[in-house]
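**Q** Got a predicted structure here, sequence first:
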Amino acid sequence: MHSPWPVELDSVTLRYPTAGDIEQVLAFRNLPEVNRFMIRTSVEPEQLRRELQDVVASERDYSCVAVRGDTVVAIGFLELHDAVGQPGKPLGTEAVVGYLVHPEYWGQRIGSDLVPALLEVAFSVLGLRRVTATCSAPNVASARLLAGAGMRLEARRLAEEWHAELGWLDGLHFAMLAEEWHQRNTQVDA
């Protein structure tokens with residue numbers, strides 16, 4: 001598969017992470033405000049370095065950094081996986097998307113540009129059939145962003161995830177099928 005990156009957006013450029021980006025990502029990845037609703041509330045620097053360096057050679061991880069000028073302002077996740085099904089099912093037809101935005105850039109439409117770009121790559125470049133995303137129910141900004149990108153709320157799972165400060169939280173599960181993506185974009189273009 002050829003690289004889907006770089007992609008130029010109004011607010012940022014999406015591209016594969018480089019060695020020079022890793023320290024910038026580390027500068028915001030473990031901040032408490034960034035991790036407020038993350039299950040993985042911190043990551044060891046060496047582990048993050050390995051993960052970001054491995055993205056370029058991966059056949060299943062199409063994650064990217066969002067840069068403005070020379071500054072990494074966000075990271076987007078696009079990780080392929082296999083659908084559930086009986087033997088003989090097509091492989092690598094689905095993905096999970098997610099994002100983390102540096103708090104200094106919150107409210108600047110970074111996430112609102114990033115998620116639709118990840119969906120565009122998933123459906124129009126990689127030819128996937130289904131993309132999912134999750135967030136904690138109290139994370140209203142993420143839920144609004146995912147819905148605004150056209151993802152459909154499929155499930156609200158009651159008390160499914162433990163939060164160290166808030167206790168058991170509901171999880172929101174969003175999804176989009178390729179035909180929904182193409183229909184949405186055909187209507188927008190018409």
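**A** Perfect, thanks for sending it. Numbers count the residues shown, from 1 in each chain.

**Q** list the buried ones in stretch 159-171?
**A** For stretch 159-171, a neighbour-count test (16 or more other Cβ atoms under 10 Å) marks 160, 169, 171 as buried. In short, each C-beta sits where N, CA and C put it, glycine included.

**Q** for stretch 27-38, same thing?
**A** Those would be 28-30, 34-35, 37-38, for stretch 27-38 by 16+ other Cβ under 10 Å.

**Q** quick revisit: would you list the buried residues of stretch 159-171 in JSON lines and tack on pLDDT, secondary structure and distance to His102?
**A** Shown next, in JSON lines, are the buried residues of stretch 159-171 (pLDDT from 0 to 100; DSSP: H, G, I helix; E, B strand; the rest coil; distance: Cβ to Cβ, whole Å):
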{"residue": "Glu160", "pLDDT": "96", "secondary structure": "strand", "distance to His102": "28"}
{"residue": "Leu169", "pLDDT": "97", "secondary structure": "strand", "distance to His102": "24"}
{"residue": "Gly171", "pLDDT": "97", "secondary structure": "strand", "distance to His102": "25"}
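
**Q** Redo those as a markdown table? Include distance to Ala117.
**A** Conversion of the buried residues of stretch 159-171 to a markdown table gives the following (distance: Cβ to Cβ, whole Å):
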| residue | distance to Ala117 |
| --- | --- |
| Glu160 | 28 |
| Leu169 | 28 |
| Gly171 | 24 |
